[in-house]
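**Student:** Let's see this in three dimensions:
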Amino acid sequence: MIKLSRLQMLLDFPLLKRELTEAAYRRRTYALRCIVAGIMLLVLISNYQAISAGNGASLPMILGRGIDLVQALLYFALWTVYMLLPAMSCSAISSEREKQTLGLILISRVSPAGLVLEKFLGRLLPMMGLLSLTAPLLGIAYAMGGFGVEGILASVLVLFVACLQVISVGILWSSLMATSMQAFWCTYLTLLALILVPVGLYYQDLMPTGGLLFGLEGGETCFVFYIFMVYGAEVLLGRVAMSGFLFSCLPPIGLSLAMIAVSGLAVSRWRMEAPLGATGKAQGLHAAKWILMFPLRMLRSLFSRSQPRQPEADQSNSQDRKPKSLARMRAVAWREMNRTPLVRLPAQILVVFLIVAALLWLAQPEYFIRPPGNVIIVHFCLMLISALLMASIGSRTFTSERERETMDLLLTTPLSTDEILRDKLAAATRIRTFLMLVFAGLVIVRLLSIDYENNRQSYAPDPVVYAVSSMLYCYLHLTFCTWISVMFSLFLKTQMRAMIGSLLVILGICFGTLMVLAMLMTLFGIRDDGSIPNPALISPFFVYVSNEVMELSRLSRDISAISVLILNLLGYSGLVLGLQTVVRLKAGEWLGRKDDEIQQTGRPWLMDW
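**Tutor:** Residues are numbered from 1 along each chain as shown. As a prediction, this is how the structure comes out:
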C-alpha cells in the first residue's frame, strides 16, 4: 500500500491538472481552436479547388493528388508550431519566478524534475490537441490517394518532434532567465540558430556526412539535427524510406531530452534564483561594452596626447566651473532609456557589426547566392527581429508597471496621459530611428550591388521607387508593431499576454486578410483565373515581400506596380494612423484616468516625438 500511494503521488501531476483546468475555463482556448480549425479547412478547400481546376474537375483526374493536400496541411501546422508555441512555452518556469510562487511549489511534494516534466506536459498536450484538428482533414486527403499509411505516420511524427523541440528550448531558457521576455528572446534566437547553423556548417564542410550519422547521404545530414522535418517531407513523396526517416528523428529527440535534463538541473541547483539573471547579464553587458569601446578609448587617448596640456591656472579654476546639467528628459523617459540596452552606442555598434558579418558571410561563393540576394536575406531577417523587438518594447510599457505594482504611482504623476505615452515610448522611438538608418544602409548597399546591364528584368528596380517604398514599409511595420503592442499592454496584466496578443494580430494582418478574402471567394464560387486583380495585393505583407524580391510586376498583373504600391501604402498608413489615434484617445479611459488634455491639444494623431 505504501508503494502504491507513492506511485499515485508521482502520477498525480498537480501542476498539470491546474494548468489544464485553467486553460479549460479560458474563452481564448476555444477561440484559438476555432480559428485554427477554420484556417486549416480553408487551406484544404483552397488547395482542393486548385487541384480540381487544374484537372478539369474530373474525379478520376484528381485521384492520387492527396499528397498535395497533406503537404499544405503539414506546412501550415509547422508554421503554427513555430510561431505560437515558443511564446507559449518560454514563460513556463520564469512566470512562476516572477510571481514568486516557485519557492512555494518547490517546498511542496513537487520535485524540480517533476516541475519541469509537468510544465513540459502542460505545453505539449494543449498543442497536440490543437494539432489533432488535422486528423479528419488528413483522412480526406488519404481518401484521394497518392500516399500510404507511412505518410500519415511521418506527418504525425514530424509535428510531435517539432513540438518537442520548441517546448524543450522554451523550458530551457525559462529555467535559466529571470523574466519571461528574456526567455522569449533567447528561445526565438536559439531556434533561429539551430535552423541556420547546421546548414552553414554543411556549406563550410564542417558538418559530418555519410556513415557518421546513421548512413544518411550528403546534404541530407545538415537537416537531421533540427530541421529534419524538411527531410521528413521526402517520405510523403516516396523518395526516402521510413527507416531512414526514423533514424533522422533520433538526433533532434536526443537534443531535446538533453535540454529538458539541463532545465531540471538548473531548477534543482538555483531554485528561486535565475542562473542568467540580472547579475550575470550586467557582467556580460559590462564586458561587451569594454570590448566594443576599446577602439574608441584608444583613439581618444591618442588624440589627447597630441593636444597641448592646459596651464595650471586653468586647472585651478576647475572649482568655479558650472556643474553638469541634469538629464533633459523626464524621469519616466530616462528610466525607459536605461532599461533598454539597444539605445546605447556599444549595442548599436554590435548590431551593425553582425549585419556586416552576415552580408560578407552570405556573399561567399560556396553559398551560390548572387548579389543582391545576400542583402535580401539579411533585410528580411532583420525586419523579423526588429518587428519582434518593437513588439516586446511596446508590450512592456504598462504591463511592467502592473507587475512591479507601480502603476498607481505612475498615474499620480503630474503628467498627462499623452506625456506618459511619449515618455514610455522614448526608447522605442530611438531604436526605431536607429533601425531606419540601418535599413537605409541596406537599401543603398542593395542598389549599389545591382548589375543593371545583366539583371535588369529580375533584380533592377527603379531606384527612387524602390528606395522610397522600402523605407516607408519598414517605418510602417515598426510603427504598427509598436502601437499594437502598446494597445494590448494597456488592458492586459502580463507582458507575455500582451506579446502573444500582439503576435496574433500581426499575423492576422499579414495573412488573415488574404485568408478571409480567399474564403469569401470560395463561398461565392469566384476563381482566380487571372481575369481579376490578385487577392494578395490587399495584404501589405505580400506587397512588401514582392517589392523586395522584385516580383511585384508579375503579382500585380494588369495593374502597374507603382499604382499597387501607392494604394497599398495609403491603406496601410491609414490603418497605422487609425490605430495610433485610437490608442492615444482611449489610453486614459483604459487606464482609468480622467484626462482630457489630449482632446484639448488637438490633432492627437501627429507623431510629434
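**Student:** all helices of the stretch 401-550 of the chain, in order?
**Tutor:** 407-411, 417-424, 426-448, 456-459, 463-491, 495-507, 513-523, 540-548 (DSSP state H, counting those that start in this stretch).
**Student:** Turn these into JSON lines, columns for distance to I376.
**Tutor:** Every residue, glycine included, has its C-beta placed from N, CA and C. Conversion of those to JSON lines gives the following (distance: least, C-beta to C-beta, whole Å):
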{"stretch": "helix 407-411", "distance to I376": "43"}
{"stretch": "helix 417-424", "distance to I376": "34"}
{"stretch": "helix 426-448", "distance to I376": "7"}
{"stretch": "helix 456-459", "distance to I376": "9"}
{"stretch": "helix 463-491", "distance to I376": "11"}
{"stretch": "helix 495-507", "distance to I376": "21"}
{"stretch": "helix 513-523", "distance to I376": "22"}
{"stretch": "helix 540-548", "distance to I376": "6"}
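**Student:** count of neighbours near K99?
**Tutor:** Neighbour count of K99, defined by other C-beta atoms under 10 Å: 11.
**Student:** Same check on I152?
**Tutor:** I152: 17 neighbours (other C-beta under 10 Å).
**Student:** where along the stretch 251-400 of the chain do the helices fall?
**Tutor:** Using DSSP H, counting those that start in this stretch, helices in the stretch 251-400 of the chain cover 278-292, 294-306, 312-316, 331-339, 345-362, 373-395, 399-403.
**Student:** Which elements pack onto the last one?
**Tutor:** The one in question is helix 399-403. Helix 399-403 sits against helix 495-507, with contacts defined as 3 or more C-beta pairs under 8 Å, 6 or more residues apart in numbering; DSSP states H and E.
**Student:** related to what we said a few turns ago, lowest average confidence across the helices of the stretch 251-400 of the chain, which one?
**Tutor:** The minimum mean pLDDT among the helices of the stretch 251-400 of the chain belongs to helix 312-316 (a mean of 46).
**Student:** Just the element for S553, please.
**Tutor:** helix 552-556 (DSSP states H and E).
**Student:** Buried ones in the very next helix or strand once past that helix, by neighbour count?
**Tutor:** Per DSSP H and E, helix 552-556 leads on to helix 561-590 as the next helix or strand towards the C-terminus. By neighbour count on 16 or more other C-beta atoms under 10 Å, the buried set for helix 561-590 is 561, 564-565, 568-569, 572-573, 576-577, 579-581, 583-584, 587-588.
**Student:** got it, and stretch 102-114?
**Tutor:** Applying 16+ other C-beta under 10 Å to stretch 102-114 flags L102, I105, L106, V110, P112, G114 as buried.
**Student:** and that stretch, average pLDDT?
**Tutor:** For stretch 102-114, mean pLDDT is 82.
**Student:** Can you tell me what sits against that stretch?
**Tutor:** By C-beta atoms under 8 Å, 6 or more residues apart in numbering, the list of residues contacting stretch 102-114 from outside reads 9-10, 14-15, 93, 96, 115, 118, 264, 267-268, 271-272.
**Student:** how long is that stretch end to end?
**Tutor:** One end of stretch 102-114 sits 13 Å from the other (C-alpha to C-alpha, to the nearest Å).
**Student:** Go through the buried residues of helix 561-590 and name the one nearest L32.
**Tutor:** L579 (22.6 Å; C-beta to C-beta).
**Student:** my guess is that closest one contacts F488, does it?
**Tutor:** No. Contact criterion C-beta atoms under 8 Å: L579 and F488 do not qualify, at 11.5 Å.
**Student:** that older thread, of all the helices of the stretch 401-550 of the chain, which one is nearest G38?
**Tutor:** Across the helices of the stretch 401-550 of the chain, G38 has its closest neighbour in helix 513-523 (8.1 Å, C-beta to C-beta).
**Student:** In contact with the spatially most central residue of the chain, which residues?
**Tutor:** In the chain, the centroid-proximal residue (C-alpha atoms, centre = their mean) is L388; its distance is 5.1 Å. Contact analysis of L388 by C-beta under 8 Å, 6+ apart lists W185, Y188, C481.
**Student:** could I get the residues you listed as CSV with neighbour count and distance to E336?
**Tutor:** CSV is the format used below for the contacts of L388 (neighbours: other C-beta atoms under 10 Å; distance: C-beta to C-beta, whole Å):
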residue, neighbour count, distance to E336
W185, 17, 18
Y188, 20, 23
C481, 28, 17
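**Student:** could you dump these to TSV with distance to L415 and pLDDT?
**Tutor:** Shown next, in TSV, are those (distance: C-beta to C-beta, whole Å; pLDDT from 0 to 100):
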residue	distance to L415	pLDDT
W185	30	85
Y188	34	85
C481	25	93
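**Student:** With distance to R330 added, can I get these in JSON lines?
**Tutor:** JSON lines is the format used below for the contacts of L388 (distance: C-beta to C-beta, whole Å):
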{"residue": "W185", "distance to R330": "28"}
{"residue": "Y188", "distance to R330": "33"}
{"residue": "C481", "distance to R330": "25"}
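**Student:** which one of the residues you listed is nearest L447?
**Tutor:** Using C-beta to C-beta, C481 comes nearest to L447 of those, at 25.9 Å.
**Student:** Return the distance of the closest residue to I538 other than its chain neighbours relative to V110.
**Tutor:** Excluding its sequence neighbours, the residue lying closest to I538 (C-beta to C-beta, 6 or more residues apart in numbering) is T513, at 5.4 Å. Going from T513 to V110 by C-beta to C-beta, to the nearest Å gives 45 Å.
**Student:** Identify each buried residue in the helix or strand containing L137, please.
**Tutor:** Element membership of L137 [criterion: DSSP H and E] is helix 134-144. Within helix 134-144, the residues that count as buried by 16+ other C-beta under 10 Å are T134, L137, L138, A141, Y142, M144.
**Student:** orientation of the next helix or strand after that helix relative to helix 134-144 in degrees?
**Tutor:** Per DSSP H and E, the first helix or strand lying C-terminal to helix 134-144 is helix 149-176. Here the directions of helix 149-176 and helix 134-144 differ by 160 degrees (axes from the mean of the first three to the mean of the last three C-alpha atoms, to 10 degrees).
**Student:** Just list what helix 149-176 packs against, helices and strands only.
**Tutor:** Packing partners of helix 149-176 (3+ C-beta pairs under 8 Å, 6+ apart): helix 66-89, helix 94-98, helix 112-131, helix 134-144, helix 180-203, helix 228-236, helix 242-270.
**Student:** With only the CA atoms kept, save the second one in CSV.
**Tutor:** Just to be clear, that refers to helix 94-98. C-alpha atoms of helix 94-98 as CSV (Å, rounded to 0.1, in the frame of the first residue of the first chain):
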residue,chain,number,x,y,z
SER,A,94,10.0,32.1,-15.4
SER,A,95,6.4,33.2,-14.8
GLU,A,96,6.4,31.3,-11.5
ARG,A,97,9.6,33.0,-10.6
GLU,A,98,8.2,36.4,-11.4
